[in-house]
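Novice: Quick one: sequence plus predicted model below, questions after.
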Amino acid sequence: MQTTCEVDMLSDSEKKMIELQIQKLADAAVERDKVEEQMHRHETAARGLLALVDDENELRSYLQRLDDIIKPSGFTDAIRDVLQRTTEDLTATEVKDALSKSGFSVDGYSNPLASIHTVLKRLFLAGEVVTGTRDGKTTYGWKGIRRFPRTDRRDAKRRAFIGKSLGASRSFSRTSDEMVKAQIESARKKP
């Protein structure tokens with residue numbers, strides 16, 4: 001008869017398999033981060049080039065295509081998406097309302113507000129969001145690249161908004177104007 005202690009012990013091969021899987025997960029996480037950075041760069045460049053689009057319907061079509069590509073895949077990503085798309089810091093309750101407005105259902109959560117608080121705290125600890133206070137309540141704002149919401153503003157207002165949003169990113173070595181110019185030059189060189 002085996003004792004509990006003997007049953008709980010792992011063989012060397014089992015330990016090696018666990019270590020291998022953890023290492024593969026770590027490698028995949030590094031690759032994911034690289035891909036996400038590439039996606040952010042391409043999205044920023046594409047949205048910068050949208051300042052050149054004068055036709056409102058064409059602009060909406062492009063923005064819809066971008067939104068379809070960059071849609072959140074889970075609860076944490078949906079919260080990130082909400083924070084990235086707003087220009088002001090939000091309370092947890094406002095995040096919950098924004099999730100509902102964006103079409104993300106929180107119905108499956110027994111206490112969605114508690115889950116939102118937990119995710120916001122994790123995002124803060126990870127350095128992805130900043131906190132503040134408004135009316136005695138903690139607010140959360142996105143620290144990195146902001147995606148901009150669709151807008152019906154016309155010409156100069158729309159371009160100013162797009163340019164301002166591009167300027168919000170400090171993670172790129174080139175300015176937004178340099179990035180847009182480089183994208184335009186690259187597009188002109190292609191046959």
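Specialist: Yep, it's here. Residues are numbered from 1 along each chain as shown.
Novice: Show the pLDDT at Gln23.
Specialist: Per-residue confidence (pLDDT) for Gln23: 94.
Novice: That one: neighbour count?
Specialist: In terms of burial, Gln23 registers 10 neighbours under the definition other CB atoms under 10 Å. C-beta coordinates here come from the backbone N, C-alpha and C atoms, glycine included.
Novice: Next, it: phi, psi?
Specialist: Backbone torsions of Gln23, given as degrees, to the nearest 10, read phi -60, psi -40.
Novice: Could you list the domains of the chain?
Specialist: Described in terms of automatic domain parsing, the domain architecture of the chain consists of the residue ranges 11-70+175-191, 72-146.
Novice: got the buried residues for the strand or helix carrying His40?
Specialist: In the assignment (DSSP states H and E), His40 maps to helix 12-49. Neighbour-count burial for helix 12-49, counted by 16 or more other CB atoms under 10 Å, picks out 40, 44-45, 47-49.
Novice: can you list those residues in TSV and add distance to Thr87?
Specialist: Conversion of those to TSV gives the following (distance: CB to CB, whole Å):
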residue	distance to Thr87
His40	18
Thr44	16
Ala45	21
Arg47	15
Gly48	17
Leu49	21
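Novice: buried sites along stretch 114-124?
Specialist: By neighbour count on 16+ other CB under 10 Å, the buried set for stretch 114-124 is 115-117, 119-120, 123.
Novice: With pLDDT and distance to Ala92 as extra columns, can I get the residues you listed in a markdown table?
Specialist: Converted to a markdown table, the buried residues of stretch 114-124 look like this (pLDDT from 0 to 100; distance: CB to CB, whole Å):
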| residue | pLDDT | distance to Ala92 |
| --- | --- | --- |
| Ser115 | 93 | 10 |
| Ile116 | 95 | 5 |
| His117 | 95 | 5 |
| Val119 | 94 | 9 |
| Leu120 | 96 | 6 |
| Leu123 | 93 | 12 |
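Novice: Please flag which of the residues you listed sit within helices.
Specialist: Applying DSSP state H to the buried residues of stretch 114-124, the entries found in helices are 115-117, 119-120, 123.
Novice: Among those, find me the one that's closest to Lys34.
Specialist: For these, the residue nearest Lys34 by CB to CB is Leu123; the value is 20.4 Å.
Novice: How about the secondary structure of Asp107?
Specialist: coil (DSSP: H, G, I helix; E, B strand; the rest coil).
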